[in-house]
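give the three-dimensional model of this entry:
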Amino acid sequence: MNVNPVQLFDVDSSTFSYILVADDNTSAVIIDPVERHWQRDLAHLERLGLKLAYVLETHAHADHVTSAGKLVDVTGARAAVPSGCGIMPAEVQLKDGDVIRFGADERIEVLHTPGHTAGSVSYVWRGNVFTGDTLLIDGCGRTDFQSGSSQALYDSVIGKLFALPDTTRVWPGHDYKGQSVSTIGWEKRHNARLANRSKEDFGALMAALKLPKPILMDIAIPANQNLGLPHGA
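Take a look at the predicted model:
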């Protein structure tokens with residue numbers, strides 16, 4: 001039984017991408033692929049003898065360009081994205097509670113977890129949750145652009161993600177400190193921004209961050225709303 005994802009990393013943006021392999025070892029999905037690594041990711045699939053069924057996005061990223069459109073064109077996979085992120089070329093527009101099916105009997109549950117962006121989602125699969133920028137290891141994503149909201153993020157994490165079993169493994173969209181995986185139980189007890197903190201305190205903390213604008217934001221967001229392809233492609 002394949003219960004662990006293939007975790008891939010982009011050094012420039014500290015982005016994790018994930019390949020989930022069906023238990024029948026014939027097909028896979030990829031979550032949050034990065035444009036500069038599309039050939040690397042295809043090589044992983046080829047090496048494992050896998051057909052790509054879906055390319056999944058957790059949100060429209062501001063710090064890197066996705067390879068979703070390229071992978072769809074090359075492999076024939078379907079792009080599945082949050083319906084609230086403005087990624088209109090994607091074939092599948094996901095909503096809270098949707099189920100993505102691949103392989104013989106694999107199912108990925110979609111959780112709408114807004115806050116980092118209004119349309120952000122997380123994906124639950126076989127005791128794992130892929131949280132994008134909503135919940136990071138010992139932290140969380142920023143909430144100051146793309147219709148972000150500290151109140152919405154707090155509700156997403158406390159009300160939805162922290163409601164998952166404590167043993168659920170947390171696979172984040174980024175990490176900047178050399179970590180790779182956590183658990184819901186650990187984050188509930190120890191997350192520096194969210195554990196044992198009121199919504200009001202969390203909002204004040206996030207408002208005080210004053211983070212710089214992502215360098216690629218003006219390029220990445222429009223590109224990612226077109227699945228990383230040039231407009232008109």
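
for residue 97, give me its contacts.
109-110 (C-beta atoms under 8 Å, 6 or more residues apart in numbering). Placement of C-beta: from N, CA and C, glycine included.

kindly recompute the last result at 10 Å.
109-112 (C-beta atoms under 10 Å, 6 or more residues apart in numbering).

same question, residue 108
So residue 108 contacts 20, 29, 31, 54, 56, 80, 94, 98-102, 123-126, 128, 130 (C-beta under 10 Å, 6+ apart).

just the buried ones from the residues you listed?
20, 29, 31, 54, 56, 80, 94, 98, 100, 102, 123-126, 128, 130 (16 or more other C-beta atoms under 10 Å).

show the pLDDT at residue 232.
As predicted, residue 232 sits at a pLDDT of 64.

which SSE is immediately downstream of the lengthiest helix in the chain?
Identified as the longest helix of the chain according to DSSP state H is helix 38-48. In the C-terminal direction, the helix or strand that comes right after helix 38-48 (DSSP states H and E) is strand 51-56.

so the residue positioned nearest the centre of the chain versus residue 16, what's the distance?
Nearest residue to the geometric centre of the chain (C-alpha atoms, centre = their mean): residue 132, 3.0 Å. Distance of residue 132 to residue 16, given as C-beta to C-beta, to the nearest Å: 10 Å.

which residues do those two both contact?
31-32, 171-174.

and the helices in the protein, which stretches?
With DSSP H, the ranges of helices along the chain come out as 38-48, 68-75, 150-155, 184-190, 199-207, 217-224.

which parts of the last one are buried?
When you say that, I think you mean helix 217-224. Applying 16+ other C-beta under 10 Å to helix 217-224 flags 220-221, 223-224 as buried.

contacts for it?
Contacts of helix 217-224 (C-beta under 10 Å, 6+ apart): 13, 35, 57, 59-66, 68-69, 81, 85-87, 117, 145-146, 214, 216, 228-231.

and it, how far out from the chain middle?
Centre-to-centre, helix 217-224 and its host chain are 16 Å apart (C-alpha atoms, centre = their mean, to the nearest Å).

over to the fourth one?
Computed by C-alpha atoms, centre = their mean, the separation of helix 184-190 from the middle of its chain amounts to 19 Å.

that helix - what's its average pLDDT?
pLDDT averaged over helix 184-190 gives 98.

on that earlier part again, now tabulate the buried residues of helix 217-224 in JSON lines and tack on pLDDT and distance to residue 205.
Formatted as JSON lines, those follow (pLDDT from 0 to 100; distance: C-beta to C-beta, whole Å):
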{"residue": "220", "pLDDT": "97", "distance to residue 205": "26"}
{"residue": "221", "pLDDT": "97", "distance to residue 205": "25"}
{"residue": "223", "pLDDT": "97", "distance to residue 205": "31"}
{"residue": "224", "pLDDT": "98", "distance to residue 205": "28"}
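
which among those gets closest to residue 4?
Using C-beta to C-beta, residue 224 is the member of the buried residues of helix 217-224 that lies nearest residue 4, at 27.0 Å.
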